[in-house]
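**Q** My questions concern the predicted model and sequence given below.
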Amino acid sequence: MEPKGTILGKSLHVPNVQELAKEPLTTVPPRYIHPDQDSPIISSLPSSRPQVPIIDMARLLSQDSVHSEVENLHHACRDWGFFQLINHEVSCSILENVKKETQEFFKLGLEEKNKYAQKAGDNEGYGQAFVVSEDQKLDWSDMLGIITLPSHLQSPHLLPKLPHPFRDAIEEYSREVEKTALKTLTFLEKALKIKHDELKVLFLDGLQVMRMNYYPPCPQPEQVIGITPHADGSGITFLLQVDDQVEGLQIKKDGIWIPVVPHPNAFIVNIGDVTQIISNDEYKSIEHRAVVNSEKERISIATFVNPNLGVEIGPALSLITPQTPVKFKRIAYGDHLKNYMSKELKSKSNIDQYYI
Ligand SMILES: O=C(O)CCC(=O)C(=O)O
Ligand SMILES: [Fe+2]
């Protein structure tokens with residue numbers, strides 16, 4: 001078992017972007033300029049843009065419609081790697097509460113927030129992750145990353161020490177996401193046609209990490225990136241936006257960046273590297289990024305649902321046939337996590353090393 005405090009790897013210390021954005025800047029410092037970004041497709045009418053599929057948890061849970069909704073889930077995961085989950089049974093009050101308290105946290109003064117700052121050699125806490133060299137370009141965001149589950153892996157100086165209403169909101173939300181995620185994994189087993197529990201069992205007492213991303217407005221939004229294009233290293237990720245009206249998330253589909261229009265109170269769910277491996281490459285962890293704008297801050301709450309730190313991951317045995325031979329090596333989940341967290345965020349390069 002990893003010693004506490006090093007599970008999420010380490011990152012170099014970088015300036016606080018929220019403070020930087022308060023300065024009367026007309027241009028941003030060169031370290032934040034990303035000159036060669038692809039522009040997204042922006043249709044003038046949001047309704048005419050291709051959109052990530054909506055999956056209805058109530059239909060998954062209903063005897064009458066389960067088959068067709070599992071089919072929709074399969075297509076969403078195979079063709080998009082992303083879907084918006086509605087009717088997920090997490091109450092609006094729990095969602096609103098975690099959104100409000102997260103917003104309140106980022107409103108605190110720097111000194112107050114820095115009580116939870118990343119310590120040297122540890123990515124958990126308030127700061128920025130994935131910075132491994134002094135000349136690396138930086139993202140226009142700050143983040144608060146916290147191990148939420150299992151509770152014995154929580155760092156004593158973080159979750160237990162957060163201002164009380166925030167801590168309560170996170171704990172309640174984290175438990176609800178865990179329940180919804182386990183249900184979702186059951187339906188992913190059906191969608192993939194793998195043996196009952198072959199996927200879910202890996203996630204029992206799994207590692208859950210929450211990351212609150214804060215993207216301040218930026219005077220040169222098209223020159224910077226809120227979060228660098230990446231695929232998540234997780235099992236599955238549940239994303240909640242604090243304000244549905246502020247767009248920022250974009251996903252790469254067939255080589256084109258597509259902005260995601262958040263459905264009110266839905267979770268934006270995506271397949272991570274671990275599920276790509278378990279599905280034997282049937283589902284892919286899709287590259288995504290967040291862009292920023294010149295007027296409004298944007299806050300997102302990502303919950304990374306991961307396997308148990310002690311398990312080994314590899315393609316589900318029930319998926320391996322002579323026609324569909326095994327595509328990935330087996331690997332200790334803890335080693336995958338360490339690999340992922342020790343590098344710069346970068347498109348899909350992380351999973352390539354596991355192909356046979
Ligand atoms: O803020 C967003 O919409 C995306 C965040 C994200 O991709 C992440 O935290 O991994
Ligand atoms: Fe992500």
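**A** The structure has been received and is ready for your questions. Numbers count the residues shown, from 1 in each chain. Ligands and ions are numbered 1, 2, ... in the order given.

**Q** Identify the residue of the stretch 51-200 of the chain closest to ligand 1, quick one.
**A** residue 143 (7.3 Å; CB to the nearest ligand atom). C-beta coordinates here come from the backbone N, C-alpha and C atoms, glycine included.

**Q** got the contact list for that residue?
**A** Contacts for residue 143 (CB atoms under 8 Å, 6 or more residues apart in numbering) come out as 126-129, 211-214.

**Q** Check the residues you listed one by one and keep those near ligand 1.
**A** Restricting the contacts of residue 143 to those touching ligand 1 (CB under 6 Å from any ligand atom) yields 211, 213.

**Q** Let's have the contacts of residue 143 in CSV, adding neighbour count, secondary structure and pLDDT.
**A** Formatted as CSV, these follow (neighbours: other CB atoms under 10 Å; DSSP: H, G, I helix; E, B strand; the rest coil; pLDDT from 0 to 100):
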residue, neighbour count, secondary structure, pLDDT
126, 23, strand, 95
127, 23, strand, 90
128, 20, coil, 84
129, 20, coil, 75
211, 20, strand, 97
212, 24, strand, 98
213, 24, strand, 98
214, 25, strand, 98
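
**Q** Phi and psi next, for the residue of the stretch 51-200 of the chain closest to ligand 1.
**A** Main-chain dihedrals, residue 143, degrees, to the nearest 10: phi -140, psi 150.

**Q** Equivalent analysis for residue 235, please.
**A** phi -70, psi -70.

**Q** And for residue 82, the neighbour number?
**A** Neighbour count of residue 82, defined by other CB atoms under 10 Å: 24.

**Q** no, scratch that, I was asking about residue 242
**A** A count of neighbours around residue 242, defined by other CB under 10 Å, yields 22.

**Q** List phi and psi for it.
**A** The phi/psi pair for residue 242 (degrees, to the nearest 10) is phi -70, psi -40.

**Q** Same question for the one 3 residues further on.
**A** Main-chain dihedrals, residue 245, degrees, to the nearest 10: phi -80, psi -20.

**Q** Look at it and report its pLDDT.
**A** pLDDT, residue 245: 92.

**Q** For it, give its distance to ligand 1.
**A** Using CB to the nearest ligand atom, to the nearest Å, we find residue 245 at a distance of 14 Å from ligand 1.

**Q** Residue 37 too?
**A** 15 Å.

**Q** mind checking the SS state of that residue?
**A** When classified by DSSP: H, G, I helix; E, B strand; the rest coil, residue 37 comes out as coil.

**Q** With adjacent residues omitted, what lies nearest to it?
**A** Closest residue in space to residue 37, ignoring its immediate chain neighbours: residue 225 at 6.4 Å, by CB to CB, 6 or more residues apart in numbering.

**Q** Might one say that that neighbour is in contact with residue 36?
**A** No: in this structure, residue 225 is not within contact of residue 36 by CB atoms under 8 Å, at 10.7 Å.

**Q** Mind checking which of those two has more residues around it?
**A** Between residue 225 and residue 36, counting by other CB under 10 Å, residue 225 is the more crowded of the two (23 against 4).

**Q** Show me the strands in this structure, by range?
**A** Taking DSSP state E to define them, one finds strands in the chain at 54-56, 82-86, 125-127, 142-149, 208-215, 227-230, 236-241, 249-253, 256-259, 267-271, 288-290, 298-305, 312-313, 331-332.

**Q** got the ones you listed as CSV, with distance to residue 351 columns?
**A** Output for the strands of the chain, formatted as CSV (distance: least, CB to CB, whole Å):
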stretch, distance to residue 351
strand 54-56, 24
strand 82-86, 17
strand 125-127, 26
strand 142-149, 21
strand 208-215, 18
strand 227-230, 11
strand 236-241, 15
strand 249-253, 15
strand 256-259, 20
strand 267-271, 11
strand 288-290, 15
strand 298-305, 15
strand 312-313, 11
strand 331-332, 10
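
**Q** deepest of the ones you listed, which one?
**A** strand 267-271 (a mean of 26; mean count of other CB atoms under 10 Å).

**Q** near ligand 1 at all, it?
**A** No: shown here: strand 267-271 not in contact with ligand 1 (CB under 6 Å from any ligand atom), separated by at least 7.4 Å.

**Q** ok, residue 267 to residue 183 distance?
**A** Counting by CB to CB, to the nearest Å, the separation of residue 267 from residue 183 is 12 Å.

**Q** just residue 154 next, same as before
**A** 24 Å.

**Q** I'm done for today, thanks for sticking with me.
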